[in-house]
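S.K.: Could you look at this predicted model? Sequence included:
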Amino acid sequence: MDYIETKILYNHDEFCLKIAGLPIMKSDRVFLPILENINHSEFLPYPELQALQLQRLQMLLKRVIKYVPLYREHYSQHLEVVQNLHSVDDLWHLPAITKEDFINAGAKNYIDERRDLQKLICRSTSGSLGKAIDLYATPFETLTGKSLYWAGWMWRITQNDRLFCMSAPHLEFQHQFVPNMFIPTTFCRIPTHCVTWLS
């Protein structure tokens, strides 16, 4: 990345922070730890990568059951599955939560109950498939998402990549300074067993 692109990224981050009503902070405080985790995970042997994925999945499930009312209600009869999760295949034993469940529950029931809804940053789905859903994130999660969007804009994906963030449809827009490549999921040829999904 040359100096001009670096400067554009920095200005874009400042712009996004101002729009979101957040104080300006140095980008390295947020992005370098994330980048270090990604780089470390990318070169793990596959069994270790699977173990790391499982560990983080277990942590995520335990967290949402403890702090998110919607998940706690849906999974209350399936705690044994969560506590004895051995692989991602075990997720099939948990009931699916649909878009309608989110709409019916309301935002206060699908966010972490320790969070103040008024202090979270809200974005909405497009509503192209029905009623739009409001999505809430902390300032740190919002910045992490923006860093992943920039990754989708700036770096191209090849079959040699084991770890990537799938570009969202709105990234099909071509930025005037930064080359990007929109990757529809139907055209993704990277083998599933070689991919680490980021959320």
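M.R.: Sure thing, it's come through.
S.K.: Low-confidence stretches in the chain?
M.R.: 1-35, 38, 148-199 (pLDDT under 70).
S.K.: report the longest helix in it, please.
M.R.: When the chain is parsed with DSSP state H, its longest helix is helix 46-67.
S.K.: okay, it in CSV with CA atoms only?
M.R.: C-alpha atoms of helix 46-67 as CSV (Å, rounded to 0.1, in the frame of the first residue of the first chain):
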residue,chain,number,x,y,z
TYR,A,46,-5.8,-27.0,10.2
PRO,A,47,-6.5,-29.1,13.4
GLU,A,48,-5.4,-26.1,15.5
LEU,A,49,-7.6,-23.8,13.4
GLN,A,50,-10.6,-26.0,13.9
ALA,A,51,-9.9,-26.1,17.7
LEU,A,52,-9.7,-22.3,17.8
GLN,A,53,-13.0,-22.0,15.8
LEU,A,54,-14.7,-24.4,18.2
GLN,A,55,-13.4,-22.5,21.3
ARG,A,56,-14.7,-19.2,20.0
LEU,A,57,-18.0,-20.7,19.0
GLN,A,58,-18.5,-22.1,22.5
MET,A,59,-17.6,-18.8,24.0
LEU,A,60,-20.1,-17.0,21.7
LEU,A,61,-22.9,-19.4,22.5
LYS,A,62,-22.4,-19.2,26.2
ARG,A,63,-22.3,-15.5,26.0
VAL,A,64,-25.6,-15.1,24.1
ILE,A,65,-27.4,-17.6,26.3
LYS,A,66,-26.3,-15.7,29.4
TYR,A,67,-26.9,-12.2,28.2
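S.K.: ok, residues contacting it?
M.R.: 41, 44, 71-72, 75-76, 79, 82, 85-88, 91, 112-114, 162, 193, 196 (C-beta atoms under 8 Å, 6 or more residues apart in numbering). (Each C-beta comes from the backbone N, C-alpha and C, glycine too.)
S.K.: how about the helices in the chain?
M.R.: Ranges of helices in the chain, per DSSP H, are 3-19, 27-42, 46-67, 69-75, 79-83, 99-105, 107-110, 139-154.
S.K.: who's in contact with the shortest one?
M.R.: Yep, that's helix 107-110 we're talking about. Helix 107-110 is contacted by residues 68, 69, 70, 71, 102, 117, 134, 136 when judged by C-beta under 8 Å, 6+ apart.
S.K.: can you rerun that using 6 Å?
M.R.: 69, 70, 102, 134 (C-beta atoms under 6 Å, 6 or more residues apart in numbering).
S.K.: Make CSV from those and add distance to residue 96 to it.
M.R.: Below are the contacts of helix 107-110 laid out as CSV (distance: C-beta to C-beta, whole Å):
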residue, distance to residue 96
69, 17
70, 12
102, 12
134, 21
